[in-house]
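K.L.:
sequence below, structure please.
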Amino acid sequence: MRARDLGINLDGTPGPFNAITDVPGVEVGMVTVIQDTDDPAIAARTGVTAVLPLGRDGIGTALPAAVYSLNGNGELTGSHWLRESGGLSGPVMITNTHAVGSVHRGIIDWTARNRPELAAAWLLPVVAETWDGYLNSINEPFVTSAHAEQAIDGAVGGPVAEGSFGGGTGMNCYGYKGGNGTASRLVPFGGVTYTVAAFIQANFGARHELSIRGVSMAGIDAPYPMGESDWFLEDQQSGGAPVPGGAGSVIAVIATDAPLLPMQCEALARRVPMGLARTGTTGGHFSGDIFLAFTTANAGALGSSFPIERPEVTTLRSLEMVPWGYMDPFYAAVVHCVEESVLNALVSNKTMIGRSGHLSPALPIDQVLERLVPVRP
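P.N.:
Below you'll find the model as predicted:
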């Protein structure tokens with residue numbers, strides 16, 4: 001079940017899958033790691049997600065891209081080179097905070113095995129994270145480099161698994177079970193219909209903040225052990241403070257096939273917070289909110305390989321672009337996609353119990369529908 005299945009009136013026209021894979025060439029792979037042990041305090045509720053902008057065959061082809069951080073309490077590796085060159089030439093991987101190193105290594109291993117000519121130069125893999133330590137024993141090495149390779153090898157187009165899969169397995173959103181969400185929008189321009197799409201790993205927001213289409217969901221009758229118990233103080237084994245509401249983080253990947261410059265991709269990424277805000281968040285200090293946007297158009301134009309030909313015989317490169325004055329519909333599409341992606345992450349989920357009996361409840365759909373009755377079409 002997705003947000004539209006509840007009859008929620010959402011803006012814009014989605015693509016066939018209403019997913020990031022509606023952008024031609026984009027593929028998504030996930031590896032989910034769920035494991036219990038004899039020790040109830042040690043359990044895996046985690047995984048890794050791979051977003052391949054041009055599929056496996058396109059790895060190594062630079063695409064215009066940019067990053068934007070609303071709040072830097074998080075990680076997205078490779079961001080400095082992305083800003084410097086304006087080009088994204090590999091997969092975008094998303095996992096948990098303490099698995100970034102394993103996934104980073106996995107990308108290198110996959111590339112060395114499948115594209116040795118790329119690994120022979122240098123690699124700056126792009127790996128993003130959100131924190132799943134409430135449900136997952138995050139300090140255990142449950143996510144391995146092999147899992148990252150499997151996610152790349154398993155990436156496909158078509159429908160995308162939402163909720164508790166891949167990197168989103170152990171995540172929470174607004175105090176409910178969170179994780180993956182995706183959506184797309186069609187944008188006509190110049191006689192061509194382009195696609196703008198989002199993929200979200202949602203792990204943010206305080207319970208009282210949640211709003212759906214302008215209707216507050218505060219006060220819903222549902223267990224909230226993540227925000228009401230002293231579990232974090234027990235983890236610290238010392239004095240300290242409970243986890244503030246809104247901690248956790250959110251990663252958004254925005255994809256389009258519209259021809260854009262890197263600075264226009266950044267403009268798309270800067271619209272992500274507006275879509276998040278439609279669901280209620282005010283952007284907590286302890287939430288790393290980091291966004292990456294890329295276009296599959298202008299492929300290869302921003303490549304930064306070592307020069308082979310002499311400068312005097314090398315030709316110039318050129319990029320096509322949507323004129324700046326016509327960008328507003330693309331901005332709106334990002335906002336609409338992000339809002340729906342967050343709602344899909346919540347609606348598509350089930351209650352999960354993780355380490356030490358920690359419980360993350362699913363969003364109570366029946367109570368949500370009762371509140372939405374006056375605003376449903």
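K.L.:
what ranges does the stretch 51-200 of the chain have for its helices?
P.N.:
79-85, 100-114, 116-119, 145-153 (DSSP state H, counting those that start in this stretch).
K.L.:
redo those as TSV? Include distance to Ala269.
P.N.:
C-betas here are computed from N, CA, C, even on glycine. Below are the helices of the stretch 51-200 of the chain laid out as TSV (distance: least, Cβ to Cβ, whole Å):
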stretch	distance to Ala269
helix 79-85	11
helix 100-114	20
helix 116-119	25
helix 145-153	23
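K.L.:
residues in contact with the residue of the chain most remote from its centre?
P.N.:
The outermost residue of the chain relative to its centre, with distances by Cα atoms, centre = their mean, is Glu312 at 42.9 Å. For Glu312, the contact set (Cβ atoms under 8 Å, 6 or more residues apart in numbering) is empty.
K.L.:
deepest-packed of the helices of the stretch 51-200 of the chain, please.
P.N.:
Mean neighbour count (mean count of other Cβ atoms under 10 Å) peaks for helix 145-153 among these, with a mean of 22.
K.L.:
strands of the stretch 151-300 of the chain, start to end?
P.N.:
In the stretch 151-300 of the chain, the strands defined using DSSP state E, counting those that start in this stretch lie at 172-173, 176-177, 179-189, 192-202, 211-212, 215-216, 250-256, 289-295.
K.L.:
wait, which of those strands is closest to Glu234?
P.N.:
strand 172-173 (17.8 Å; Cβ to Cβ).
K.L.:
so what does that closest one touch, helix or strand wise?
P.N.:
helix 328-347 (3 or more Cβ pairs under 8 Å, 6 or more residues apart in numbering; DSSP states H and E).
K.L.:
other SSEs contacting the helix or strand following the helix it packs on?
P.N.:
For helix 328-347, the following helix or strand on the C-terminal side (DSSP states H and E) is strand 352-353. For strand 352-353, the elements it packs on are strand 359-360, judged by 3+ Cβ pairs under 8 Å, 6+ apart.
K.L.:
buried ones in the following helix or strand past the strand it packs on, by neighbour count?
P.N.:
Next helix or strand after strand 359-360 toward the C-terminus (DSSP H and E): helix 365-372. Across helix 365-372, burial judged by 16 or more other Cβ atoms under 10 Å covers 368, 372.
K.L.:
how about stretch 191-202?
P.N.:
194-202.
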